[in-house]
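In: below are the sequence and a predicted model; questions follow.
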Amino acid sequence: MSEATSANSILSSLLSDPTLVASGSYIDGQWQTSESRFKVTNPLNGDVLIEVSESTNGEDISLIESAIAAAKKAQPDWAKKSSYERYDLMMKWHDLMLEHKDDLATLMTLEQGKPLKESKGEIEYGASYVKWFAEEGKRVYGDTIPSLASHQQIKIIKQPVGVVAAITPWNFPNSMLARKIAPAIAAGNTVVGRPTELTPLSALALAVLAERAGIPKGVINIVVGSDSKAIGKVLTEHPDVDKFSFTGSTKVGQILMKQCASTIKKVSLELGGNAPFIVFADADIDAAVDGAIKAKFRNAGQTCVCVNRFLIEESVHDEFVDKFVEKARQLKVAGGLEEGTDIGPMIHNEAANNIRDMVRTAEKAGAKRVFGELVETNLQAPIVLTNVSNDMEIAQNEIFGPVAAIQSFSSEQQAIDLANDTEYGLAAYFYSLNINRVERVAAGLKYGMVGINEGLISNAAAPFGGVKQSGFGREGSKYGLDDYMNMKYLCYNHG
Ligand SMILES: NC(=O)C1=CN([C@@H]2O[C@H](COP(=O)(O)OP(=O)(O)OC[C@H]3O[C@@H](n4cnc5c(N)ncnc54)[C@H](O)[C@@H]3O)[C@@H](O)[C@H]2O)C=CC1
Ligand SMILES: O=C(O)[C@H](O)CS(=O)(=O)O
């Protein structure tokens, strides 16, 4: 059993199983506590939910190093297990995640703010990656290749890379970590995960359940702490870490990628986005509006695949704006635990202030606010801006909040050019019922993922990832394991 400290009164009163709340790092099957602690707060009201032990005070990195050592020690035996044995343990973990879905969702809403229905959806989403890769681990196939030389035979085998380190953001505190740990351990690797200090409880609860599932000690290690730079430096530069996977902003991804260069680690980066949402005149406008609401306001707009720029063909612009505003007006903005909430608080006041600054700057540059009021709390309701142009800051930077920035266009090529006019290339969306146009636009968009007449594209069966400054590597799908394996070429001389 974990040494989860008894959750404080707020948490224990809201959870049916308060022992899901851990308040220290999970290393080599042991729960580590320390003198220095950091506070986890509720974004809705700033209440302190719990204090969590730091895994480092900035100077003493011994706990981080012991997590890497534990992963290194456990990896050979974990890799020796058959994929069927790993499948059984991963599915026990998966089943426990779903069994405790309500508690895990409540914990997530308390520390991250998203509406409870979205938190429940995220637990299912995170669990789906565990199930997907438990199964994919049984399909790691090699190759035999005809050789040019008659005395040779060529074989290809795939092997786990070894120790994986992962750093994850606050906006999806369960699924971003699950979608790294799952492929890593399915492939026979071991993991040291580090969630952001803003939302560590969801990640630690995953460790509590992994322990209960019987996943051997050292296979999954979670280190927590507020000094992200110090922890990141160890995880990116330590010679015993073979693979580094990061989800977060492009700015931080660049720093971490540079740090990984010192030991030439295998790296995967899921970074920022600037998603265009193109609506052509030949689209089903009502379907486009429904898709737009989902793709814009999920997680209060705080996802890397949320719409950042709406590009609407001139002839349907006003119809789209009127219908979009009508739907946005109906969204309930309140605390995430409240019944019927559609939009919860943003992660912190700094993020909300940043949004307000972006809106004011856009208005100064000529954008027109056709719906919504700016508030002084982080419970920011939807804002809809029209008359936006692609050179505005709000069109070039990632909004990461509940603000819809709408531009119009007059031709298909102009729409594609506007959509591609960004340094990012993660997700894009467009609505059209003209099949030839669909093929042309899908081919012309420079993005890793494209939703076609669809606003929700994330699922474990698909390769999630971007191009350009949105990163590289793919998470999910049959391709997702490759990032966690090395390919080995065997050349047999059989005479
Ligand atoms: N492509 C994707 O799948 C995703 C991208 N993002 C992007 O991340 C941003 C929002 O998330 P944030 O958590 O604010 O991003 P962030 O990049 O500030 O933080 C991400 C993680 O990195 C850690 N971190 C920050 N600076 C670090 C450093 N110098 N060394 C080591 N670790 C460090 C943070 O503590 C956190 O755990 C947005 O740009 C969003 O688009 C977020 C989630 C998913
Ligand atoms: O962090 C994110 O924004 C997620 O990758 C988006 S999704 O996978 O939940 O759609």
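Out: On my side now, so go ahead. Numbers count the residues shown, from 1 in each chain. Ligands and ions are numbered 1, 2, ... in the order given.
In: around ligand 2, pick out the residues from the stretch 151-300 of the chain.
Out: Counting by C-beta under 6 Å from any ligand atom, the stretch 151-300 of the chain comes close to ligand 2 at 171-172, 175-176, 247. Glycine gets a C-beta too; all of them are placed from N, C-alpha and C.
In: among those residues, which lie within strands?
Out: residue 247 (DSSP state E).
In: ok, of the residues of the stretch 151-300 of the chain next to ligand 2, which one's closest to residue 103?
Out: residue 175 (16.3 Å; C-beta to C-beta).
In: that closest one and residue 125 touch, don't they?
Out: Yes: using C-beta atoms under 8 Å, residue 175 makes contact with residue 125 at a distance of 4.7 Å.
In: which of these two has more residues huddled nearby?
Out: A count of neighbours by other C-beta atoms under 10 Å puts residue 175 above the other of residue 175 and residue 125, at 26 against 19.
In: please name the nearest non-neighbouring residue to the more buried one.
Out: residue 126 (3.8 Å; C-beta to C-beta, 6 or more residues apart in numbering).
In: equivalent analysis for residue 494, please.
Out: Distances taken as C-beta to C-beta, 6+ apart put residue 153 closest to residue 494, at 6.0 Å, once the chain neighbours are dropped.
In: buried stuff in the helix or strand harbouring the one you found?
Out: Taking DSSP states H and E as the criterion, residue 153 maps to strand 152-160. Neighbour-count burial for strand 152-160 flags 158, 160 (criterion: 16 or more other C-beta atoms under 10 Å).
In: packing partners for whichever helix or strand comes after it?
Out: Going down the chain from strand 152-160, the next helix or strand is strand 163-168, by DSSP H and E. On a contact count with 3 or more C-beta pairs under 8 Å, 6 or more residues apart in numbering; DSSP states H and E, strand 163-168 meets helix 62-80, helix 175-186, strand 190-195, helix 228-237, strand 243-247.
In: can I get these in a markdown table with mean pLDDT?
Out: A markdown table is the format used below for the helices and strands packed on strand 163-168 (pLDDT from 0 to 100):
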| stretch | mean pLDDT |
| --- | --- |
| helix 62-80 | 98 |
| helix 175-186 | 98 |
| strand 190-195 | 98 |
| helix 228-237 | 98 |
| strand 243-247 | 98 |
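In: these: which one's closest to residue 52?
Out: Among these, strand 190-195 sits nearest to residue 52 (C-beta to C-beta), with 10.4 Å.
In: partners of the closest one, with directions?
Out: Strand pairing for strand 190-195, using DSSP bridges, gives strand 163-168 (parallel), strand 220-222 (parallel).
In: most neighbours per residue, which of those?
Out: Of the strands paired with strand 190-195, the one with the most neighbours on average (mean count of other C-beta atoms under 10 Å) is strand 220-222, at a mean of 29.
In: coming back round to it: could I get the strands paired with strand 190-195 as JSON lines with mean pLDDT?
Out: Putting those into JSON lines (pLDDT from 0 to 100) gives the following:
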{"stretch": "strand 163-168", "mean pLDDT": "98"}
{"stretch": "strand 220-222", "mean pLDDT": "98"}
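In: shaky segments in this protein?
Out: Residue ranges of the chain with pLDDT under 70: 1-8.
In: how about the residue most central in space within it, what does it touch?
Out: Among the residues of the chain, the one closest to the centroid is residue 176, at 3.9 Å (C-alpha atoms, centre = their mean). Contact analysis of residue 176 by C-beta atoms under 8 Å, 6 or more residues apart in numbering lists 168-169, 247, 270.
In: neighbours around the residue nearest to residue 186 when sequence neighbours are not counted, how many?
Out: Of all residues not flanking residue 186 in the chain, residue 137 sits nearest, at 3.4 Å (C-beta to C-beta, 6+ apart). Other residues lying near residue 137 total 21 when counted by other C-beta under 10 Å.
In: kindly confirm my reading that residue 137 is in a strand.
Out: No: read with DSSP: H, G, I helix; E, B strand; the rest coil, residue 137 is helix and lies in no strand.
In: would you mark the buried spots in whatever helix or strand residue 111 lives in?
Out: Using DSSP H and E, residue 111 maps to helix 101-112. Under the neighbour-count criterion of 16+ other C-beta under 10 Å, helix 101-112 has 101, 103-112 buried.
In: in the stretch 1-150 of the chain, what residue is nearest ligand 2?
Out: residue 125 (6.5 Å; C-beta to the nearest ligand atom).
In: how about the stretch 351-495 of the chain?
Out: Counting by C-beta to the nearest ligand atom, the stretch 351-495 of the chain gets nearest ligand 2 through residue 458, at 3.2 Å.
In: what of the stretch 151-300 of the chain?
Out: The stretch 151-300 of the chain approaches ligand 2 most closely through residue 172 (4.6 Å), counting by C-beta to the nearest ligand atom.
In: count of neighbours near the nearest residue to that residue once chain neighbours are set aside?
Out: Distance criterion C-beta to C-beta, 6+ apart; nearest residue to residue 172, sequence neighbours excluded, is residue 122 at 6.0 Å. Burial of residue 122 is recorded as 26 neighbouring residues (other C-beta under 10 Å).
In: again, but for the one 4 residues further on
Out: The burial count assigned to residue 126 is 26, neighbours taken as other C-beta under 10 Å.
In: go on, residue 323?
Out: 18.
In: re the thing from before, what sits against the residue nearest to residue 186?
Out: 83, 86-87, 90, 186-188, 481.
In: separation between it and residue 86?
Out: Distance, residue 137 to residue 86, by C-beta to C-beta, to the nearest Å: 6 Å.
In: joint contacts of these two?
Out: 186, 188.
In: in this structure residue 412 contacts residue 443, no?
Out: No: under the criterion of C-beta under 8 Å, residue 412 makes no contact with residue 443, lying 12.0 Å away.
In: which of the two has more residues huddled nearby?
Out: Comparing residue 412 with residue 443 by neighbour count (other C-beta under 10 Å), the higher total belongs to residue 412, at 18 against 9.
In: setting aside sequence neighbours, what's the nearest residue to the more buried one?
Out: Nearest one to residue 412, counting by C-beta to C-beta, 6+ apart, is residue 437 at 6.4 Å.
In: burial count for the one you found?
Out: Residue 437, neighbours per other C-beta under 10 Å, totals 16.
In: OK, contacts around it?
Out: 280, 282, 412.
In: check residue 442 too.
Out: Neighbours of residue 442 in contact, by C-beta under 8 Å, 6+ apart: 430, 450, 452.
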